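Asks: with the sequence up front, the predicted model follows.
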Amino acid sequence: MKILHINDQAGVACILAKFQEKQGVESKVIAIADKYGIKEYYQNNVILVEKENFYTSALNESAFYDIIHIHSVDALVYKLRRRYGNKKKIILHYHGTDLRGNYKKSISLTLRLKRLGVRMKNKLWLLRNGYTGSLQDTMQQLADIVLVSTPDLLKLANKSYYLPNPVDTELFNENISTHQKDPKYDAITIKTEAIDIQRALHYIKDRNITYNIYVHDRTYNPTPYKDMPDLLKKYNTYVDIKFVNGKLLESASKTALESLACGLQVLNYQLKYIKKLPIEHEARNVVNNLFSLYLSVQ
């Protein structure tokens, strides 16, 4: 069994590949570089390609693998089926905004037109081959298995399976940090492009939660992945309240899971405290679960 992960979201593909190889299975990730240094940290499992060559490189590299595990870029499903037919097992894995819808972000008219052209080209090929549903629904039909990273996404993908996000506990663990606790703040939360952090802070304040929270903006201050455990260990609590597109997300973020592995308590969307990483998120257990799903494909 040879496994190729295409694309990576928040290190999930890299962690899966690392722990799959620990079990004696060849597993690689083809992806572009990221500003957080995730691909650099997992470089032994990563095939780096240039952004403009990503799709072509992914399709060509797929020829040498049995299982193709696609993360988020669902348009590749039909491209792989078109090239390889049923010779490959294709896994489609969604991680969040790829199903919930894109958060509001300004993009150029040129890019919008380019994306529209790609969608129309895809749709034309699918119509010629008898697929009349939406592009996203059709990609899910063409995949052998559809996975989602959080339980709330199950209702957004037909006949999907929940695969818990893996945490690399070899990196994120309770080993003593070299950093002292931050004397100015009680807790930490992370701001990303998709999250409405001000709404989250108001939500907490309105419910009389009085933490002095440090907001770490990963958009403008991208802490390297390898240094995240030291950052998290400066605090006792991680606040995992996330609003995306005006909605409160009812799922644990990957950073919240990493915080639990580092010994922090997590304040979740229900305003309850979680104090231990659930065992189903430990990477080895996730990989064992995933192997069972791979083997279920006829």
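Replies: All right, it came through fine.
Asks: helices of the stretch 151-298 of the chain, start to end?
Replies: 197-206, 228-232, 254-261, 283-296 (DSSP state H, counting those that start in this stretch).
Asks: dump these to JSON lines, plus mean neighbour count and distance to F64.
Replies: Where you see a C-beta, it was placed from the backbone N, CA and C, and this is true even at glycine. Converted to JSON lines, the helices of the stretch 151-298 of the chain look like this (neighbours: other Cβ atoms under 10 Å; distance: least, Cβ to Cβ, whole Å):
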{"stretch": "helix 197-206", "mean neighbour count": "15", "distance to F64": "43"}
{"stretch": "helix 228-232", "mean neighbour count": "20", "distance to F64": "33"}
{"stretch": "helix 254-261", "mean neighbour count": "24", "distance to F64": "29"}
{"stretch": "helix 283-296", "mean neighbour count": "16", "distance to F64": "17"}
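Asks: among the ones you listed, which gets the worst mean confidence?
Replies: Summarising mean pLDDT across the helices of the stretch 151-298 of the chain, the least confident stretch is helix 197-206, with a mean of 92.
Asks: by contact count, what packs against that helix?
Replies: Packing contacts for helix 197-206, counted by 3 or more Cβ pairs under 8 Å, 6 or more residues apart in numbering; DSSP states H and E, involve strand 187-191, strand 213-217, strand 243-244.
Asks: circling back to that earlier point, out of the helices of the stretch 151-298 of the chain, flag the one nearest L76.
Replies: For those, proximity to L76 was assessed by Cβ to Cβ; helix 283-296 is nearest, at 18.0 Å.
Asks: need the contact partners of that closest one.
Replies: Residues outside helix 283-296 that contact it (Cβ atoms under 8 Å, 6 or more residues apart in numbering) are 1, 3, 15-16, 18-20, 22-23, 67, 89, 91, 145, 147, 161, 163-169, 279-280.
Asks: please apply the same query to stretch 67-80.
Replies: By Cβ under 8 Å, 6+ apart, the residues outside stretch 67-80 that reach it are 1-9, 12-13, 16, 55, 58-59, 62, 88-95, 98, 118, 122, 125-126, 135-136, 138-140, 142-143, 294.
Asks: could you pull up the mean pLDDT of it?
Replies: Averaged across stretch 67-80, the pLDDT comes to 93.
Asks: that stretch: end-to-end distance?
Replies: For stretch 67-80, the first and last residues are 11 Å from each other (Cα to Cα, to the nearest Å).
Asks: cool, and stretch 23-40?
Replies: The first and final residues of stretch 23-40 sit 22 Å from each other (Cα to Cα).
Asks: how far off centre is that stretch?
Replies: Between the centre of stretch 23-40 and the centre of its host chain there is 13 Å, according to Cα atoms, centre = their mean, to the nearest Å.
Asks: circling back: can you list the helices of the stretch 151-298 of the chain in a markdown table and add distance to L267?
Replies: Rendered in a markdown table, the data for those read as follows (distance: least, Cβ to Cβ, whole Å):
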| stretch | distance to L267 |
| --- | --- |
| helix 197-206 | 8 |
| helix 228-232 | 14 |
| helix 254-261 | 9 |
| helix 283-296 | 24 |
